[in-house]
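In: Provided below for reference: sequence and predicted model.
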Amino acid sequence: MSTIQELTDKLTVLDESHNKQHNILQEQLQSKYNLVFDQDAYLKSLVSEIDSDKAVYDLREDGLYLTTSIDVSDYSESIEYLESWFSDQSIYLENDILMLLLGDDFIAIQDNTRHNNGVWCNREIIICENEYKSEGEDVDETLRNKLIEQYMEKTGCFPSVGRVTQHGDFFPVNTQVRVSDVGY
């Protein structure tokens, strides 16, 4: 009669063997799906779209993303392989949304939110709103942008800059003053 340990050891060997075979088959299947996905015009257009003007910025707790919607209904049988294919391209699929992480190093301008107004970087305020807005006045965008540029020059870091709404939408802002803007 087999002991509990002997049976446990046999089960472990079978599980390890089964897992190895399962992993090999899964890798082979992923390779086959990758060939199909590589030729899929819809998927190729989405990969191009997410890094274009058509993508939408989305500010989340873990960073800033470019996003675009995807209809995955035709891929329901292969969704885990599709997720892996996108992941190999540093694109993530979440709830019918493709997301390309731009990073967590960006400057967020909060001018018209209900609280925490000012300019933020790495979750810390770097320029208080009262430095570029007087009580009862509109935001002096030229001054705000100049202060942002000075901050970037001082730190030697030039991340993406954008205005953040109270809903978390992120809109890119060009903080550089152009010669045509000052009338030269």
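Out: Here it is on my side, so go on. Numbers count the residues shown, from 1 in each chain.

In: Report pLDDT for Arg123.
Out: Note on Arg123: pLDDT of 75.

In: That one: how many residues sit nearby?
Out: When neighbours are counted by other CB atoms under 10 Å, Arg123 registers 8. For every residue, glycine as well, the C-beta is placed using N, CA and C.

In: mind starting the numbering at 31 from now?
Out: I'll keep to 31 as the first residue from here, and by that count the last item is Arg153.

In: Quick check on it: phi, psi?
Out: phi 60, psi 20 (degrees, to the nearest 10).

In: List the buried residues of the host helix or strand of Tyr181.
Out: Taking DSSP states H and E as the criterion, Tyr181 maps to helix 171-185. Of the residues in helix 171-185, 174-175, 177-178, 181-182 count as buried by neighbour count, 16 or more other CB atoms under 10 Å.

In: Can you tell me what sits against stretch 77-92?
Out: With contacts defined as CB atoms under 8 Å, 6 or more residues apart in numbering, stretch 77-92 is touched by 94-98, 119, 121, 128-131, 134, 138, 192, 194, 198-202.

In: I figured Pro189 hits Asp134, correct?
Out: No - contact between Pro189 and Asp134 fails when scored by CB atoms under 8 Å: they sit 9.4 Å apart.
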